[in-house]
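>>> Starting from these lines, generate the structure:
(one chain, ligands or ions: 1)
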Amino acid sequence: MRKDTKIVNAGRSKKWTRGVVNPPVERASTVVFESVKEMKHATAHRGEQVLFYGRRGTSTSFAFQDAMTELEGGAGCALYPSGTAAITNAILAFVKAGDHILMVDTAYEPTRDFCDKVLTRIGVETTYYDPLIGKDIEQLIQENTAIVFLESPGSITMEVQDVPGIAKAAHQHDCIVMLDNTWSAGVNFQPFDYGVDISIQAATKYIVGHSDVMLGTATATEKYWETLRENSYLMGQCTSPDDLYLAMRGIRTLGVRLKQHQENALKIARWLEQREEVDKILHPAFSSCPGHEYFERDFSGSNGLFSFVLNRGDQASVNALLDGMHHFKMGYSWGGFESLILANTNVGRLRTATGWPYQHPLIRLHIGLEDADDLIEDLTQGFERLN
Ligand SMILES: Cc1ncc(COP(=O)(O)O)c(CNNC(=O)CNC(=O)c2ccccc2[N+](=O)[O-])c1O
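Prediction:
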């Protein structure tokens, strides 16, 4: 089945819909049983999409879990109240005191914070690595390395990683390969085709697509699914069927939204490339983006999120650019229908394993579904405030 047809059909088994088009919202804490036999059966099969107790999920959760594995692949999908919860719980499910993990240097900042402030407390050591290291990551793998964690592209500076190259080296040392796959939305990069063991998403972004739900997913191969699922339950992780209904609704337009985000973003990135204020375009589809060759090789599309580096400006002038925008709003997220802008004047602060060669500010744009020409006019006026 092709991508767009999968998107329309994902998670709509009649087991969950009972014939209506959209899997209904089934809310529960208590599930009641008519007999001891029925209760024992549910208890014995409580991890297998059987109604048991609210925390194990209801038909709304089972439908969404199926939707994610039908889109992204994998044997099962664990659900979390945020992308960050998906990242942290997936890691916690597979480490113990004395272990070591390899974390990409360009990881989302709260991911780094978790490594530095929580994993250290429980005796797990983190080494950050160059996103472009590829198969040479093998030189960093220790006897006690449990996990190699990737985020591709990097959520601020957009480096694309050689996922299969890293995964092959990691598997030669029995490390688990985890990927923050949020940027692809699980449709423009098929993680399990490239050696990933656990694919994580902030469904908060493009899956939901409307900036109104916090949600995380972690999808695992058969080998790791039961451990991930049971650790998720042990940690008390559960999600609202109302949020999952909204996320399921988001999935139905994921294909058309991503295409429009992509089209708008490429038009704007090409326009920015010609602007004299711009030093570098950091969009995976552009050869100026580190790891572009891996995007070309492994991805089937892009989206609205990319960055660019200015060749001038300090904090005050960047503030002037930001404050006067009409369509680009400032906000901590991306993946909704609205356009967003974030500036970072100290990218190097976020890195410990690699340098940052640029002295001028980085601007990260999320290009929404507005008319691209209106967005270009907004940016044009913004550049006039920069100079
Ligand atoms: C690749 C990737 N992976 C996981 C998450 C977390 O998802 P969640 O927001 O659902 O927890 C995200 C969330 N992304 N958020 C942003 O890019 C903007 N947010 C921030 O920058 C932010 C927000 C709150 C606190 C700290 C930061 N920060 O990155 O500095 C992500 O981009």
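>>> Which strand residues bridge residue 149?
With DSSP bridges applied, residue 149 shows beta-bridge pairing to residue 103, residue 178.
>>> How about residue 343?
residue 363.
>>> give the contact list for it.
By C-beta atoms under 8 Å, 6 or more residues apart in numbering, the residues touching residue 343 are 318, 321, 322, 361, 362, 363, 364. The way it works is simple: take the backbone N, C-alpha and C, and place the C-beta from them, glycine included.
>>> Grab the nearest non-local neighbour of the fifth one.
Meaning residue 362. Excluding the flanking residues, the one nearest residue 362 by C-beta to C-beta, 6 or more residues apart in numbering is residue 344, at 4.7 Å.
>>> Now for that neighbour, how many residues are close by?
For residue 344, the number of neighbouring residues by other C-beta atoms under 10 Å comes to 18.
>>> Please apply the same query to the one 10 residues further on.
Other residues near residue 354 number 18, with proximity taken as other C-beta under 10 Å.
>>> How much space separates it from the ligand?
Between residue 354 and the ligand the distance, using C-beta to the nearest ligand atom, to the nearest Å, works out to 17 Å.
>>> ok so that residue is a helix residue?
No. Remark: residue 354 does not belong to a helix; assigned using DSSP: H, G, I helix; E, B strand; the rest coil, it is coil.
>>> ok, it touching residue 131?
Yes. Contact status for residue 354 versus residue 131: in contact at 7.5 Å, counting by C-beta atoms under 8 Å.
>>> what touches both of the two?
A shared contact of residue 354 and residue 131, defined by C-beta under 8 Å, 6+ apart, is any residue touching both; here these are 105, 106.
>>> And the residue of the stretch 1-150 of the chain closest to the ligand?
Among all residues of the stretch 1-150 of the chain, residue 83 sits closest to the ligand, at 2.5 Å; criterion: C-beta to the nearest ligand atom.
>>> Can you show me the helices along this structure?
Along the chain, the stretches classed as helices by DSSP state H are 3-9, 14-17, 36-44, 59-72, 83-92, 109-114, 163-171, 222-234, 241-252, 254-273, 292-298, 315-323, 372-386.
>>> packing partners for the longest one?
Think helix 254-273. Contact here means 3 or more C-beta pairs under 8 Å, 6 or more residues apart in numbering; DSSP states H and E; on that basis helix 254-273 packs against helix 3-9, strand 278-282, strand 305-310, helix 372-386.
>>> just how off-centre is that helix within its chain?
Averaging C-alpha coordinates over helix 254-273 and over its chain gives two centres that are 18 Å apart (C-alpha atoms, centre = their mean, to the nearest Å).
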